[in-house]
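Asks: generate coordinates for the sequence data below:
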Amino acid sequence: MIRTGILTISDKGSKGQREDGTGPAIKETLDKELYEVEYVKIVPDEIEIICDQLIYMCDELNLDLILTNGGTGFSKRDITPEATLKVIKKQAPGICEAMRYKSLQITPKAMLSRAIAGIRNNTLIINLPGSPKGAVENLQFVLPALPHGIEILNGTASECARK
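Replies: This is a model prediction of the structure:
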C-alpha cells in the first residue's frame, strides 16, 4: 500500500467558512487497493504552517506520497509551491510538466499553474490545483507512473527503465 496524505491549503476552508470539496475528490480518485490515505488536513495559506505540516507528514508519519491542493495560482496568498520548495530536497519537475502539458489540452489557463513536485527523504510531494475538477484531472494524468516512482524512492524497485 502507498501510504498517502492529503493537505488542503485554504484560508476559508481552514476556518470552516468553505467546505473542502477537493480533498475528498482526490481521496475518491485514488485506487483503494493501492493507496491508503492515512492523513488529511486543511491549513491556511501560511508558509510556516504549510512547511510544518509537510515536514510532519514526511519526517514523522513517513508517508510515501503527499498530495497538496490549493495555493498554486497567481493570488497574493498562493504560496504552496514556495512552501514545498522550502521542504523538499530534490525536485521532480517531470510530474508537473506532464500535468501542465495534459491540462493545456483542456484549457489555456493551465499555463498559469505554478505547481511543483519534489522529494523529501522517502516522500514524494505533488502540488495539485485547488478546484476538485482540476485536481482530479491532474492527478489522473500522473497516477499511472506514481507507483513505480514510489517503489524506486523506497528502494523496492529497480531504477532501470523498461518497456
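Asks: what residues go with each domain of this protein?
Replies: Under the assignment automatic domain parsing, the domains of the chain span 1-22+42-61+75-87, 88-121+130-153.
Asks: how about the strands in the protein?
Replies: For the chain, the strands defined by DSSP state E occupy 2-9, 35-43, 65-69, 90-91, 117-120, 123-128.
Asks: just the buried positions in the helix or strand bottoming out on mean pLDDT in the chain, please.
Replies: Within the chain, no helix or strand scores below helix 11-14, which has a mean of 90 by mean pLDDT, DSSP states H and E. By neighbour count on 16 or more other CB atoms under 10 Å, the buried set for helix 11-14 is 11, 13-14. Heads up, the C-betas are built off the backbone N, CA and C, glycines and all.
Asks: list just the nearest of those to Met111.
Replies: Asp11 (24.7 Å; CB to CB).
Asks: distance of the closest one from Val37?
Replies: According to CB to CB, to the nearest Å, Asp11 and Val37 sit 23 Å apart.
Asks: repeat for Glu137
Replies: Noted for Glu137: a distance of 19 Å to Val37, by CB to CB.
Asks: surely Pro93 touches Ala117?
Replies: Yes - contact criterion CB atoms under 8 Å: Pro93 and Ala117 qualify, at 7.2 Å.
Asks: tell me which of those two has more neighbours.
Replies: Between Pro93 and Ala117, counted using other CB atoms under 10 Å, the more crowded position is Ala117 (27 against 10).
Asks: report the buried residues of stretch 51-70.
Replies: Quick answer for stretch 51-70 (16+ other CB under 10 Å): 51, 53-54, 57-58, 63-70.
Asks: max pairwise distance over those residues: which two?
Replies: Asp64 and Gly70 (21.3 Å).
Asks: kindly state the beta-bridge partners for Ile125.
Replies: Counting by DSSP bridges, Ile125 is bridged to Ile66, Gly118.
Asks: show me what contacts it?
Replies: Neighbour list for Ile125: 54, 58, 65-66, 68, 84, 87-88, 117-119 [criterion: CB atoms under 8 Å, 6 or more residues apart in numbering].
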